[in-house]
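Enquirer: the following comprises the amino acid sequence and a computationally predicted model.
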Protein chains: 4
Amino acid sequence: MDETPRRGPATVVELTAQLRRFAEDREWQRFHTPKNLAMALAGEVGELLAELQWLTPDEATLVMADAERGGRVRAEIGDVMIYLTRLADVLGIDLLAAADDKLVEVARRYPADEVRGSAAKRT
Amino acid sequence: MDETPRRGPATVVELTAQLRRFAEDREWQRFHTPKNLAMALAGEVGELLAELQWLTPDEATLVMADAERGGRVRAEIGDVMIYLTRLADVLGIDLLAAADDKLVEVARRYPADEVRGSAAKRT
Amino acid sequence: MDETPRRGPATVVELTAQLRRFAEDREWQRFHTPKNLAMALAGEVGELLAELQWLTPDEATLVMADAERGGRVRAEIGDVMIYLTRLADVLGIDLLAAADDKLVEVARRYPADEVRGSAAKRT
Amino acid sequence: MDETPRRGPATVVELTAQLRRFAEDREWQRFHTPKNLAMALAGEVGELLAELQWLTPDEATLVMADAERGGRVRAEIGDVMIYLTRLADVLGIDLLAAADDKLVEVARRYPADEVRGSAAKRT
């Protein structure tokens, strides 16, 4: 019997380690190439889109209030995070640092004072 | 002049807060609906795939050794993480918990002893 | 009893008309907005990727020789074509003309004599 | 000087032949594996989503009235059709027949009388 409560990953680093061990335990490393993981990531994003595609914007905003569909959306988000974390690991990329660097660059390209309320693209 | 070194987010929680502030500062919340963010997520995953699509598996494995292309792959990974984090935030989903719950479920469906070395799908 | 053999669409124009009637018969036009159809298209492409993601390049090349998986790949290709055709219709785009115009442009950007055997991107 | 008007493909079969010749002329066949083409297809769908992602449903419905953005949407639709047609060709799949077979199956699963006006999924 399992006496200790299960404790999930507190950080991306912990999740990364868990996923690596998960793949090693199953000898799945050879499947986990960058191209294959990128395809799997896109596949899971596709499943996420499928949950939202026919909803109106308002229905989609309230989707988590529907236990069944909300649960499916949460599970798909979990799948996307799993493959994204695993892909970053096999490429040796620090996920949080990569996001932060990109955010800094986007903040520079879209200064709040100049773009307020507009979604026009800048290159 | 900025004297203090920029410090990136140490956790998903911090990144989530930064992205929320980023959207608020630009009054972009009305664009950040679940459907729109899911589309943006898929768009960024598409750009990531485009970086890898014509590479052989071996070339893709070594992609980070190429400074230019590796930099683009890292930037795309950052973009994907940004939209995934933002989408989870507007839906009220804890990204790490969602990934962990899914991992527990997948571990149950694919016991290491039974699936070692095989990628056959189980439902 | 249906005595006449079913005859599928011989052209994109016919498929377009069939899909339009299919949506009208079910009063699904209000779901078939450009954004929703684009999401559905991406969702189906995700399912297609999922069929190929763990295969080696050689296995994927031979995928149609496997009746079961090949049948699933063909069905996903059919789904992608359905949503692409329907999306083009609601946007008023001629699918074959759009593809042809793009091909002419790409042919100009990638003259055979200059790019033979290379996948380097040109902008 | 080109005296004869350019004539685009009248059918999917013609487009398929043009794309095959295009790839052969550039010796790109080795890049055009099923996995690579599926990734390219997803990449182009991602670019299409990016054109629509921040638009409201109403704006997206009218997107073709905007010459510039409408032109980009049409070009992306063309790209998606190109890779879908090429992927079907390398897999030996008849695109129109695959779509028609799928439509017949979906029509059986969603009889007009039973599903009118509803987007609920059936399996």
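Expert: In hand now; what should we look at?
Enquirer: which one is A:G43 nearest to, not counting chain neighbours?
Expert: Residue nearest to A:G43 in three dimensions, not counting chain neighbours: C:A50, with 3.9 Å by CB to CB, 6 or more residues apart in numbering or on different chains. All C-beta spots, glycine's among them, are computed from the backbone N, C-alpha and C.
Enquirer: quick check, pLDDT for the residue nearest to the spatial centre of chain A.
Expert: For chain A, the residue sitting closest to the mean C-alpha position, by CA atoms, centre = their mean, is A:M81 at 3.0 Å. A:M81 is assigned 98 on the pLDDT scale.
Enquirer: residues of the helix ranked longest in chain A that come out buried?
Expert: Assignment by DSSP state H gives helix A:67-91 as the longest helix of chain A. By neighbour count on 16 or more other CB atoms under 10 Å in any protein chain shown, the buried set for helix A:67-91 is A:69-70, A:72-91.
Enquirer: tell me which other helices or strands it touches.
Expert: Here helix A:67-91 touches helix A:12-25, helix A:34-52, helix A:95-109, helix B:67-91, helix B:95-109, going by 3 or more CB pairs under 8 Å, 6 or more residues apart in numbering or on different chains; DSSP states H and E.
Enquirer: what's the closest of those helices to C:K102?
Expert: helix A:34-52 (21.8 Å; CB to CB).
Enquirer: relative to helix A:67-91, how tilted is that closest one?
Expert: Angle, helix A:34-52 to helix A:67-91, by axes from the mean of the first three to the mean of the last three CA atoms, to 10 degrees: 160 degrees.
Enquirer: which strands and helices sit next to helix A:34-52?
Expert: helix A:67-91, helix B:34-52, helix B:57-61, helix C:34-52, helix D:34-52.
Enquirer: any chance of those helices in TSV, with distance to C:A65 too?
Expert: Formatted as TSV, those follow (distance: least, CB to CB, whole Å):
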stretch	distance to C:A65
helix A:67-91	28
helix B:34-52	26
helix B:57-61	21
helix C:34-52	14
helix D:34-52	12
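Enquirer: which stretch among those helices comes nearest B:Y110?
Expert: Distance to B:Y110, taken as CB to CB, is lowest for helix A:67-91 among the helices and strands packed on helix A:34-52, at 12.8 Å.
Enquirer: for whichever residue of chain A sits closest to chain C, list the residues it contacts.
Expert: Of all residues in chain A, A:G46 sits closest to chain C, at 1.6 Å by CB to the nearest CB. By CB atoms under 8 Å, 6 or more residues apart in numbering or on different chains, A:G46 lies in contact with B:42, C:42-47, C:49-50.
Enquirer: from those, which is closest to chain A?
Expert: C:G46 (1.6 Å).
Enquirer: from D:L49, how far off is that closest one?
Expert: 12 Å (CB to CB, to the nearest Å).
Enquirer: look at A:R122 and tell me its secondary structure.
Expert: coil (DSSP: H, G, I helix; E, B strand; the rest coil).
Enquirer: please tell me how far it sits from A:E51.
Expert: 31 Å.
Enquirer: what does A:Y83 give?
Expert: Relative to A:E51, A:Y83 is positioned 17 Å away (CB to CB).
Enquirer: check contacts around A:A10.
Expert: Per CB under 8 Å, 6+ apart, neighbours of A:A10: B:L96.
Enquirer: assign it to helix, strand or coil.
Expert: Going by three-state DSSP: A:A10 is coil.
Enquirer: ranking helices and strands of chain A by mean pLDDT, which lands last?
Expert: Each helix and strand of chain A was given a mean pLDDT (mean pLDDT, DSSP states H and E); the minimum falls on helix A:112-115 at a mean of 93.
Enquirer: would that one count as contacting chain D?
Expert: No. Using CB under 8 Å from any CB of the partner chain, we find that helix A:112-115 stays clear of chain D, coming within 12.0 Å at best.
Enquirer: what's in contact with that helix?
Expert: A:122, B:25-26.
Enquirer: and those residues as TSV, adding neighbour count and pLDDT?
Expert: Listed next are these as TSV, based on neighbours: other CB atoms under 10 Å in any protein chain shown; pLDDT from 0 to 100:
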residue	neighbour count	pLDDT
A:R122	10	78
B:D25	15	96
B:R26	20	96
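Enquirer: for these, which one is nearest D:G117?
Expert: Comparing the contacts of helix A:112-115 against D:G117 with CB to CB places B:R26 closest, at 38.4 Å.
Enquirer: just checking, A:R122 touches A:R109?
Expert: Yes. The criterion here is CB atoms under 8 Å, and A:R122 meets it with A:R109 at 5.3 Å.
Enquirer: ok, for the residue nearest to the centre of chain A, nearest residue in space, not its chain neighbours?
Expert: B:A99 is the one closest to A:M81 (CB to CB, 6+ apart), at 4.0 Å.
Enquirer: that neighbour against A:E76, yeah?
Expert: No. At 11.1 Å, B:A99 and A:E76 do not qualify as touching, with contact defined as CB under 8 Å.
Enquirer: show me where chain A dips below the pLDDT cut-off.
Expert: Applying pLDDT under 70 to chain A flags residues A:1-7, A:123.
Enquirer: excluding its backbone neighbours, what's nearest A:G70?
Expert: A:M64 (4.1 Å).
Enquirer: ok, now which ones touch that neighbour?
Expert: By CB under 8 Å, 6+ apart, A:M64 lies in contact with A:70, A:73-74, B:91-93.
Enquirer: report how many residues lie close to the closest residue to A:D25 other than its chain neighbours.
Expert: Distances taken as CB to CB, 6+ apart place B:A112 nearest to A:D25, at 4.2 Å, with adjacent residues excluded. If you count neighbours by other CB atoms under 10 Å in any protein chain shown, B:A112 ends up with 14.
Enquirer: how about A:L49?
Expert: A:L49 has 26 neighbours, counted by other CB under 10 Å.
Enquirer: and what of A:R109?
Expert: 11.
Enquirer: if I look at A:D89, how far off is A:G46?
Expert: 22 Å.
Enquirer: over to A:E68?
Expert: For A:E68 relative to A:G46 (CB to CB), the value is 20 Å.
Enquirer: over to A:A97?
Expert: For A:A97, the distance to A:G46 equals 27 Å [CB to CB].
Enquirer: before we move on, what about A:A119?
Expert: Taking CB to CB, one finds A:A119 at 24 Å from A:G46.
Enquirer: circling back: nearest to D:R21, out of the helices and strands packed on helix A:67-91?
Expert: Across those, closest to D:R21 is helix A:34-52 (CB to CB), at 27.3 Å.
Enquirer: go through the helices and strands packed on helix A:67-91 and name the closest to B:G8.
Expert: helix A:95-109 (3.5 Å).
Enquirer: mind listing what's buried along the closest one?
Expert: Under 16+ other CB under 10 Å, the buried positions of helix A:95-109 are A:95-96, A:98-103.
Enquirer: max pairwise distance over those residues: which two?
Expert: Top of the distance list for the buried residues of helix A:95-109 (CB to CB): A:L95 and A:L103, 12.6 Å.
Enquirer: coming back round to it: check contacts around the residue nearest to A:G43.
Expert: With CB under 8 Å, 6+ apart, C:A50 has these contacts: A:39-40, A:43, A:46.
Enquirer: got a winner among those residues for most neighbours?
Expert: A:M39 (29 neighbours).
Enquirer: and that one, how far is that from A:W54?
Expert: 25 Å.
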